[in-house]
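Q: Next one to model:
(4 chains)
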There are 4 protein chains.
Amino acid sequence: MCAATVPGIRLEFRSSLFVALWICTAVFAFDFAIKLWLRFSSQQGLDYLLSPQGLIDALAVVPIPIAFLLGVPAETAWLLASLWILKLTANVPGLSLLWRVIALESRALASVFVIFAIVLLLAAVALHVLERANQPEKFGSLPLSLWWAVTTLTTTGYGDAVPKTFLGRLIAGGVMICGLGLFGLWAGILATGFSAEYRRRDFARTWDLVTRVPFFRNLDPAAIVELARMLRRLDVAEKTVVIRRGRPGDCMYFMASGEVEVRIESGPVRLGPGSFFGEMALLEGGPRTATVVTTIPSTLLILDVSDFHAFAAHHPDLAQAVEAEARRRRIGPANGKAGPPDQAAAH
Amino acid sequence: MCAATVPGIRLEFRSSLFVALWICTAVFAFDFAIKLWLRFSSQQGLDYLLSPQGLIDALAVVPIPIAFLLGVPAETAWLLASLWILKLTANVPGLSLLWRVIALESRALASVFVIFAIVLLLAAVALHVLERANQPEKFGSLPLSLWWAVTTLTTTGYGDAVPKTFLGRLIAGGVMICGLGLFGLWAGILATGFSAEYRRRDFARTWDLVTRVPFFRNLDPAAIVELARMLRRLDVAEKTVVIRRGRPGDCMYFMASGEVEVRIESGPVRLGPGSFFGEMALLEGGPRTATVVTTIPSTLLILDVSDFHAFAAHHPDLAQAVEAEARRRRIGPANGKAGPPDQAAAH
Amino acid sequence: MCAATVPGIRLEFRSSLFVALWICTAVFAFDFAIKLWLRFSSQQGLDYLLSPQGLIDALAVVPIPIAFLLGVPAETAWLLASLWILKLTANVPGLSLLWRVIALESRALASVFVIFAIVLLLAAVALHVLERANQPEKFGSLPLSLWWAVTTLTTTGYGDAVPKTFLGRLIAGGVMICGLGLFGLWAGILATGFSAEYRRRDFARTWDLVTRVPFFRNLDPAAIVELARMLRRLDVAEKTVVIRRGRPGDCMYFMASGEVEVRIESGPVRLGPGSFFGEMALLEGGPRTATVVTTIPSTLLILDVSDFHAFAAHHPDLAQAVEAEARRRRIGPANGKAGPPDQAAAH
Amino acid sequence: MCAATVPGIRLEFRSSLFVALWICTAVFAFDFAIKLWLRFSSQQGLDYLLSPQGLIDALAVVPIPIAFLLGVPAETAWLLASLWILKLTANVPGLSLLWRVIALESRALASVFVIFAIVLLLAAVALHVLERANQPEKFGSLPLSLWWAVTTLTTTGYGDAVPKTFLGRLIAGGVMICGLGLFGLWAGILATGFSAEYRRRDFARTWDLVTRVPFFRNLDPAAIVELARMLRRLDVAEKTVVIRRGRPGDCMYFMASGEVEVRIESGPVRLGPGSFFGEMALLEGGPRTATVVTTIPSTLLILDVSDFHAFAAHHPDLAQAVEAEARRRRIGPANGKAGPPDQAAAH
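A: The predicted model follows:
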């Protein structure tokens, strides 16, 4: 749909394209009207209109007719359809995170930005003074010089304006190295903050899932917190192979929701939420002994072998419970041949 | 004000611009004179002049008249006004941090710089040997070759000098990959150091605020330290929405200073320093039940849901106190309908 | 072998090259046929064909004859030989890691990608509107403008399309800075995830080795976990100098497998798996007193001096055992002269 | 000295430059000869020659005369003097660290490198197929295409070869984004490994210093390890201002070696190794009450306010000792007026 704007410039498909675009606009307008009516009827209309979501919905609908009314040519007016891409932001969980990171780290980011601005201006002035005699069309005014400076400081380096004097090149080299440093700071602060924030949000989700698995209920709270930090959530689509027989095993899985099928020799076994599988590889090492496939979209919690050993060392009860279960399985369904499969218990 | 230097090149607005610039200079000169007089009267004048702040103040005032006296044309002289941007550094908390990081990590940074210099020189020499026959105007001397090397090693890539021989391009490819590696080291060291240092300073600030919140006073010192590491400070302007009703709740707030208004059905409730709000979402999950807006600029301490659970597991007393308060509120103002709002206690 | 594709374009060596390429293809085809036959005979043929490894093997063999059958010229057909490089992926331990990181961090990466797409499209539309009048051949259509945007946002900066208007350059500067920020996020998320995942896998390997060293067996499980986190695995080729006499010593070594030769004055001593060496430098400081060289490819576990002190502070038994061994050695083989060498015990 | 090679191309200063270069060569040759003679007399000559240091010393001396003997023109021969810069590596503590990081992380780095190579080759082949018709001089052979690919993948972007077809540009955009990702991985692995390794080495140094400060001696080993992790070493030149009166105080200092002068109202006080200062700001908050200047080059250990509180919470004895000392000072030299200065105890 959004991709439709790209060939919107071509002349051949004009009519069909315009129809498609009008339909899209109509759909968005209808959606916007419904939302507006619902909110106003519950007396939250203004709240909605001023919220980011409301603004994006309005921006997707309102500007296009206005542009047509103002007599803007159709090709240009339809470029406003590119604002539709903002609708994607509603589905991006990371965007609100990004705002929070920026809010929390605003002072650090502002510091780097000020240093950036200082280096930018001083470099532009220096190059303007040094190069304006030789290249007036490229460094003749401060805005031109600033353009060079921003191109260089971000290490983009278009090459449309390049210093020619010896001193100018020396300063340019310094600016590039500064650019690397500043960029490193900027990236480091953003990335550190973002990943920290992301881990917190992830923990909150994992926590919800952990409290739902009956197997963990008789652990003490400190152990649950420790475990929730170790477990990593994995959303798997249906009919996906989670474990493949013969591969090295480096983790076990707890099921938070969904269903999996364990394909063992004595026929497939289905496991539902609350069960676990893949513990053999952790207890005994060696390759996986069965293939496990999801039957419906499932949410799994992964416990790595390293975390399993670390956790088991401090809380031997979990390890014992897993081992007891594993022993029960080995004796139970397996018929003495080969390695008994990674089968799971339905508690 | 600083932006005024940019169109300072244009000819049209000369007179009005020059007036504005002279006024700025006069203001800075007056400010500098006052400061100087104050410090000299308290016998710290020389200290001030030699401090970074004093140097910046002096640089903002002194060079411009000197330039005019030396007969430098007005356009060039006013470029010295770009030094005014250095005044911004006084307000940047991160700059002193940056100096400290550079001081602490100086050995690591110097190591990377030396490797950078070695790769730079050897690459320049190699390319000079390989390319001087074909492109004497671009690689004919070592300084020209160094210019190419610095452009390439920082991955700026102007494209004004490009190796043409097969061997030269092979080396150039290696230099680019080295550049990525060195840049990564450089950025990683700076960013790691900066964010570690920033966290320390942040902790020091949070610590001050935490000791002021009466709710935390009866915790033991180790718990307060642990808590101060988890809490994150958030400065909020007045009339900002902190919590929006209906949004998912992932943290609770303690007030260090300022005032907020909790908009619940039974009318707004105001909360001052020392109180907390937003704890419902942590205890029961589910969306926020009230909108909270600041009335004056406030400083809040955020406790994430993940940190709350982790802390509560090791120190059940805080969780119990928060829960007791929450239970009190639920029975108190709420009239049985729906979810009672996230209201806060004024201790 | 893969490098043979590069001069595959040159005309001189045609015949000999083609022979070499045909031989390679034949080898791969033979290898593929054998594998296929083996798997089908064990009724896993389809599984193999659909696995990534099977697909890569098939891609290395099947397309080339098909291309020749379709009448594609030889030079072009042989370009398909570049698919052989995919065979390298089988030996890359990091590739499966990378997939797992991407799976686990998919939401965060997708968020950044959506922001990337939004900035890309909006910047392209803005520049298209601003620059199409001046540079129709470079910004005249949205695809052209998108090409500029992707070049700038990734800070590649070819310089083939450069904005000329003031507003266009302002936006371009903003796009570059956005590019740095987005890149930082992207790199940070990937790198953090990758290194965390790598550490887990490393731990799992170290764990296996640690449990095989008899010296660690009487430690309690929590201590073993702590130790396995500290130890770092180092695979050393044969005849490599591990410790050089006179160098400062900052770590000790435990042998997981292989053999080393300790070159001391009273003749070389050979040490096998389970022994340790280099502990003198940790206990007494000072330079290494002997050179240690591997005789066969060996796997060593490194314990840093910092980790040794940290571990010894919490678990004095390990330190005492190491010290007892060191004392035994000092009295034992050494003949009173100089410092007795870093010799190891074969338990 | 090394800079002398740069104008070595200029013709004017030929004779004087050549003399200077010959002198340098002679000095290095003499140094090399002495070293060689000393080592051979102690029967370690071959060891030295094969060690990196020996190789670098040999490279600085041997190639230049050989080049002259082979009849290479003087300008070219002297370019070999650029190898002198390798001598700098002897003084770079980080270089041996870097080697160790590369050795330890070799598998991760190799993985990224293989992915890099695969993307490089496939992109080059794709662009070669797509663009060779339009731009035979830029994408006409695989080496040319590889040159474009390496330029793009490292985001250098010279702009000498730019794809023109729609599909080629699409792939190029993908290659740039891959480049960012790969670069991020590469940089992240190197930077993480380097900073971890650096911290270990730093700990080892700090540990040595900590054990020398008498004040820490009666702490238990676990506490010393914890403290050594918090303390950061700072080497200060003589006559440097460590603390400036009136500045906010965020850390205290322990002296490992050297001497400082505390400038208080009742006259300056000198403090030697083993003493501490700056503790007032930690215990009471508020600005520094005295200026502290080093008199000789000193090594200080910094304890941040955040670490101080964290440590004091778990080990109240250190805090009590510092407080007792501070109380003693307050009553002692101060004469009741204002805040008594940050004075230190000479144990």
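
Q: alpha carbons only for contacts and neighbour counts from here, please
A: Fine.

Q: where along the stretch 101-250 of chain A do the helices fall?
A: Using DSSP state H, counting those that start in this stretch, the helices of the stretch 101-250 of chain A run over residues A:106-131, A:136-139, A:142-153, A:166-212, A:221-230.

Q: export the third one as CSV, just CAs?
A: As requested, the backbone C-alpha atoms of helix A:142-153 are provided in CSV (Å, rounded to 0.1, in the frame of the first residue of the first chain):
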residue,chain,number,x,y,z
LEU,A,142,29.6,30.0,6.5
PRO,A,143,26.5,27.9,5.5
LEU,A,144,28.5,26.3,2.7
SER,A,145,31.3,25.6,5.1
LEU,A,146,28.8,24.2,7.7
TRP,A,147,27.5,21.8,5.0
TRP,A,148,31.0,20.5,4.5
ALA,A,149,31.5,20.2,8.3
VAL,A,150,28.4,18.2,8.9
THR,A,151,29.2,15.9,5.9
THR,A,152,32.6,15.3,7.3
LEU,A,153,31.8,15.1,11.0
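
Q: anything in that helix near chain C?
A: Yes: using C-alpha under 8 Å from any C-alpha of the partner chain, helix A:142-153 reaches chain C at A:147, A:150-151.

Q: Let me have those in CSV, extended by pLDDT and distance to chain B.
A: CSV is the format used below for the residues of helix A:142-153 next to chain C (pLDDT from 0 to 100; distance: C-alpha to the nearest C-alpha, whole Å):
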residue, pLDDT, distance to chain B
A:Trp147, 88, 12
A:Val150, 90, 12
A:Thr151, 89, 9
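
Q: List only those of those residues flagged as buried.
A: Buried subset of the residues of helix A:142-153 next to chain C (neighbour count, 16 or more other C-alpha atoms under 10 Å in any protein chain shown): A:147, A:150-151.

Q: part of a strand, is A:Leu301?
A: Yes: using DSSP: H, G, I helix; E, B strand; the rest coil, the assignment for A:Leu301 is a strand.

Q: Poorly predicted segments of chain A, please.
A: A:1-17, A:43-50, A:74-77, A:90-94, A:330-347 (pLDDT under 70).

Q: Strands along that one, start to end?
A: Taking DSSP state E, the strands of chain A run over residues A:232-236, A:241-243, A:251-264, A:267-271, A:276-277, A:291-304.

Q: between the first one and helix C:106-131, how many degrees?
A: Going back to what we said before, that points to strand A:232-236. 70 degrees (axes from the mean of the first three to the mean of the last three C-alpha atoms, to 10 degrees).

Q: ok, A:His315 to chain D distance?
A: For A:His315, the distance to chain D (C-alpha to the nearest C-alpha, to the nearest Å) stands at 23 Å.

Q: If you tally nearby residues, what's the number for that residue?
A: By other C-alpha atoms under 10 Å in any protein chain shown, the residues close to A:His315 number 15.

Q: Kindly report the same for A:Val125.
A: 25.

Q: quick one: it and A:Leu142 touch, right?
A: Yes: counting by C-alpha atoms under 8 Å, A:Val125 does reach A:Leu142; the two are 6.7 Å apart.

Q: Name all residues that sit in contact with those two at the same time.
A: Between them, A:Val125 and A:Leu142 share no contacting residue under C-alpha atoms under 8 Å, 6 or more residues apart in numbering or on different chains.

Q: can you list the helices of the stretch 101-250 of chain A in CSV and add distance to C:Ile296?
A: CSV is the format used below for the helices of the stretch 101-250 of chain A (distance: least, C-alpha to C-alpha, whole Å):
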stretch, distance to C:Ile296
helix A:106-131, 52
helix A:136-139, 63
helix A:142-153, 51
helix A:166-212, 42
helix A:221-230, 38
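
Q: Which of those helices has the highest mean neighbour count?
A: helix A:142-153 (a mean of 26; mean count of other C-alpha atoms under 10 Å in any protein chain shown).

Q: Just checking the distance from that one to the centre of its chain.
A: Taking C-alpha atoms, centre = their mean, to the nearest Å, one finds helix A:142-153 lying 33 Å from the centre of the chain it belongs to.

Q: Residues of the stretch 1-150 of chain A that sit close to chain B?
A: A:103-104, A:107-108, A:110-112, A:114-115, A:118, A:121-122, A:125, A:129, A:141-143.

Q: Mind checking the helices of the stretch 101-250 of chain A for the one nearest to chain D?
A: For chain D, the closest of these is helix A:166-212, at 10.0 Å, according to C-alpha to the nearest C-alpha.

Q: could you give the angle of the closest one to helix B:166-212?
A: Using the same axes, to 10 degrees: helix A:166-212 against helix B:166-212 is 60 degrees.

Q: residues from chain A in reach of chain D?
A: So chain A meets chain D at A:156-159 (C-alpha under 8 Å from any C-alpha).

Q: out of those, who's nearest B:Gly184?
A: A:Thr156 (16.7 Å; C-alpha to C-alpha).

Q: surely A:Leu109 meets A:Trp186?
A: Yes: counting by C-alpha under 8 Å, A:Leu109 touches A:Trp186, with 6.7 Å between them.

Q: Now for A:Arg288, how many residues are close by?
A: 23.

Q: ok, now which ones touch it?
A: Residues in contact with A:Arg288, defined by C-alpha under 8 Å, 6+ apart, are A:243-249, A:278, A:280-281, A:341-342.

Q: re earlier: restrict the residues of chain A next to chain D to those near chain B?
A: Within the residues of chain A next to chain D, those near chain B by C-alpha under 8 Å from any C-alpha are A:156-159.

Q: Roughly how far does the nearest residue to A:Ala237 once chain neighbours are set aside sit from A:Ala290?
A: Spatially, and ignoring its direct neighbours in sequence, A:Ala237 is nearest to A:Pro297 (4.4 Å; C-alpha to C-alpha, 6 or more residues apart in numbering or on different chains). As judged by C-alpha to C-alpha, to the nearest Å, A:Pro297 and A:Ala290 stand 20 Å apart.

Q: what does A:Val210 give?
A: 25 Å.

Q: so who does the residue of the stretch 201-347 of chain A found nearest chain D touch?
A: Closest to chain D within the stretch 201-347 of chain A is A:Asp250: 17.7 Å, counting by C-alpha to the nearest C-alpha. Going by C-alpha under 8 Å, 6+ apart, A:Asp250 touches A:281-282, A:304-305, C:201, C:204.

Q: Can you name the two of the residues you listed that sit furthest apart?
A: A:Ala281 and C:Arg201 (13.9 Å).

Q: List the contacts of the residue of chain A most remote from its centre.
A: Ranked by distance from the centre of chain A (C-alpha atoms, centre = their mean), the top residue is A:Ala133, with 49.2 Å. A:Ala133 makes contact with A:Gly140 under the criterion C-alpha under 8 Å, 6+ apart.

Q: How much space separates it from chain C?
A: For A:Ala133 relative to chain C (C-alpha to the nearest C-alpha), the value is 21 Å.

Q: List phi and psi for that residue.
A: phi -70, psi -40 (degrees, to the nearest 10).

Q: ok, it to chain B distance?
A: Taking C-alpha to the nearest C-alpha, one finds A:Ala133 at 12 Å from chain B.

Q: Counting neighbours, what do you get for the one residue in the stretch 201-347 of chain A that gets nearest to chain C?
A: Closest residue of the stretch 201-347 of chain A to chain C, C-alpha to the nearest C-alpha: A:Ala313 (4.7 Å). Neighbour count for A:Ala313, taken as other C-alpha under 10 Å: 19.

Q: Much appreciated, bye for now.
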